[in-house]
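>>> Sequence and predicted structure below; questions after.
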Amino acid sequence: MVYQPPAGARDLLPLDVAQKRWIEDRLQQVFHRWGYHRIITSTLERLDTLMAGGAIQRSTVLQLQESDDEQLGLRPELTASIARTAVTRMAGSTHPLRLYYNANVFQRAQEGSYSRQQEFYQAGVELVGAGGLLADAEVLLLLVDCLRHLGLHQWSIILGEAGLTRSLLSVFPLPLRDKVRKAIAKLDRMTLETLPMSAALRDRALLLLDLRGRPADVLQRIATLDLDATQQSALNNLKSLVDLLQESDRHTLHRSAERSRRSPTPHTLILDLSLIRTLDYYTGVVFEVVNTSEAGQSVLGQGGRYDQLLGLYHPDGQTYPGIGFALQIEHLHQVLLPTGQLPHQTHSSDWLVVPESPQAYTAALAYAQTLRDDKTTRVELDLGTRTAAETHDYAYRRRIAQIAWVKPDGKTVIETVNP
């Protein structure tokens, strides 16, 4: 029998790990510069925590244990776990909390899905305890900084407003509302055109579907709708955020141009009121970052504001505002691989220490440790199973720079391996 990983899982080999770490290390540098601190939450959670009050479908959760007293599962995302931690273990901490993570998540493969993958890696942030325009701008500009620090160029931010979109959908009768919502989320024009509803409602549904494009154009089209005070306030906040992001981007480009000849590529901001996330706990701005290449488009990450989520986990129901994003490491890896930035091979050792006989074992161990005291030096110990010719061949194949032949009396002959 040949043993393989279970369906939906995969092994990461040393080069895979080196490339994954390259991405994570660069993201971590950005997170640190913005004042965020790493948090590690439990991979295993209670099912009611993972479902976030029904915002996350039970069918997406990999469940591990079912019993009358406790149902457990593997986290399908990190926001719910961090929200639980923020109002329990971190209760009383000074707000805002700036937290980041690098972690694996698990999502049950859905019927008919092209990929059967069930384990994924994410890096992201959560800004807990801060609402308003500036908090939204911070998280979005942090996302932009991450992408630029990775050296990515062909990407766009798709920006929506979950509360405003949800409110605009309220004109549809309840039996139709969820069908309209799902059709808009899937950009399914045909379904909207065939659903049993009045011509006026159909026009409204198709208008919502097409509320996507240049921010100025979309804002102008929304302004033609008959908005109530709450909807108008959400629209005004969205316009202020767009203005702030665009002005900040121009300032960054100008500052970079003054410092160097090569300025970062300006990103494209697309306003999209048809953007509806599958996670249903978002209450304000929502966004995706989409990369475009010859192979097509891929979603590198997503996020949004969730101002009611933390109240689900607080003992007294007290809630705090929050906003965050998650970047998909696998998608970043696929996009970065053709650029040549990722490591092409694993690190080779600097030394191969070879005891010339069993009587030289102690001296060889001591010499290897002396080399390792440098902290940055990589040292392998030959385990005494090769001939001299095989040792040379091994060092050459493993790209080891130097061999130290150690004699029983501790004397050492250093040999440089030709590349």
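Sure, I can see it.

>>> Which parts of the protein belong to which domain?
14-339, 351-416 (automatic domain parsing).

>>> Lowest mean pLDDT among the helices and strands of the protein, which one is it?
Least confident element among the helices and strands of the chain, by mean pLDDT, DSSP states H and E: strand 62-66 (a mean of 77).

>>> right, and the helix or strand after that strand?
Counting by DSSP states H and E, the element after strand 62-66 in chain order, helix or strand, is strand 71-74.

>>> contacting residues around the helix or strand just after that following strand?
As assigned by DSSP H and E, the chain's next helix or strand after strand 71-74 is helix 79-87. Residues outside helix 79-87 that contact it (C-beta atoms under 8 Å, 6 or more residues apart in numbering): 39, 41-42, 45, 49-52, 56, 75, 93, 97, 99, 101, 126, 128-129, 279, 281, 306, 309-310, 312-315, 318, 320, 322, 324, 326. Glycine gets a C-beta too; all of them are placed from N, C-alpha and C.

>>> Need the buried ones from those selected in PyMOL.
Burial among these is assessed by 16 or more other C-beta atoms under 10 Å; the matching PyMOL selection reads:
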select buried, resi 39+41+45+49+50+51+52+56+75+97+99+101+126+128+129+279+281+306+309+310+312+313+314+320+322+324+326
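
>>> What about the contacts of helix 79-87, which are in helices?
Among those, the ones falling in helices (DSSP state H) are 49-51.

>>> wait, which of these is closest to residue 337?
residue 50 (31.8 Å; C-beta to C-beta).

>>> residue contacts, the closest one?
56, 61, 73, 75-76, 80-81.

>>> Report the two of those separated the most.
Within the contacts of residue 50, 61 and 81 form the most distant pair, 12.3 Å apart (C-beta to C-beta).

>>> The most centrally placed residue in the chain - nearest residue in space that isn't next to it in sequence?
Central residue of the chain (C-alpha atoms, centre = their mean): residue 327, 1.8 Å from the mean position. Leaving aside its sequence neighbours, residue 327 sits nearest to residue 301 (C-beta to C-beta, 6 or more residues apart in numbering; 3.8 Å).

>>> what about that neighbour, distance to residue 62?
According to C-beta to C-beta, to the nearest Å, residue 301 and residue 62 sit 22 Å apart.

>>> got it, and residue 169?
Counting by C-beta to C-beta - residue 169 and residue 62 are separated by 31 Å.

>>> What are the buried residues along the one helix or strand the residue nearest to residue 327 maps to?
Assigned by DSSP H and E, residue 301 belongs to strand 296-305. Using 16+ other C-beta under 10 Å as the test for burial, strand 296-305 gives 298, 300-305.

>>> Tell me what angle it forms with helix 79-87.
30 degrees (axes from the mean of the first three to the mean of the last three C-alpha atoms, to 10 degrees).

>>> Centre of the chain to strand 296-305, how far?
Here strand 296-305 is found 9 Å from its chain centre; the criterion is C-alpha atoms, centre = their mean, to the nearest Å.

>>> and if you look at stretch 394-411?
42 Å.

>>> Buried ones in that stretch, by neighbour count?
394-395, 400, 402-406.

>>> got it, and stretch 21-34?
For stretch 21-34, burial by neighbour count (16+ other C-beta under 10 Å) applies to 22-24, 26-28, 30-31, 34.

>>> Keep only those of the residues you listed that are in helices.
Filtering the buried residues of stretch 21-34 for helices - DSSP H - leaves 22-24, 26-28, 30-31.

>>> could you dump the residues you listed to TSV with pLDDT and distance to residue 191?
What follows is those, written out as TSV (pLDDT from 0 to 100; distance: C-beta to C-beta, whole Å):
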residue	pLDDT	distance to residue 191
22	97	42
23	97	38
24	97	40
26	97	41
27	98	38
28	97	43
30	98	40
31	98	40
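
>>> which residues touch the nearest residue to residue 88 once chain neighbours are set aside?
Of all residues not flanking residue 88 in the chain, residue 313 sits nearest, at 6.6 Å (C-beta to C-beta, 6+ apart). With contact taken as C-beta under 8 Å, 6+ apart, residue 313 is in contact with 49, 83-84, 87-88.

>>> For those residues, which single residue is the most surrounded?
Highest neighbour count within the contacts of residue 313: residue 83, with 27 neighbours (other C-beta atoms under 10 Å).

>>> gap between it and residue 121?
In this view, residue 83 and residue 121 are 21 Å apart by C-beta to C-beta.

>>> swap in residue 34?
21 Å.

>>> before we move on, what about residue 385?
On the measure of C-beta to C-beta, residue 385 and residue 121 end up 37 Å apart.
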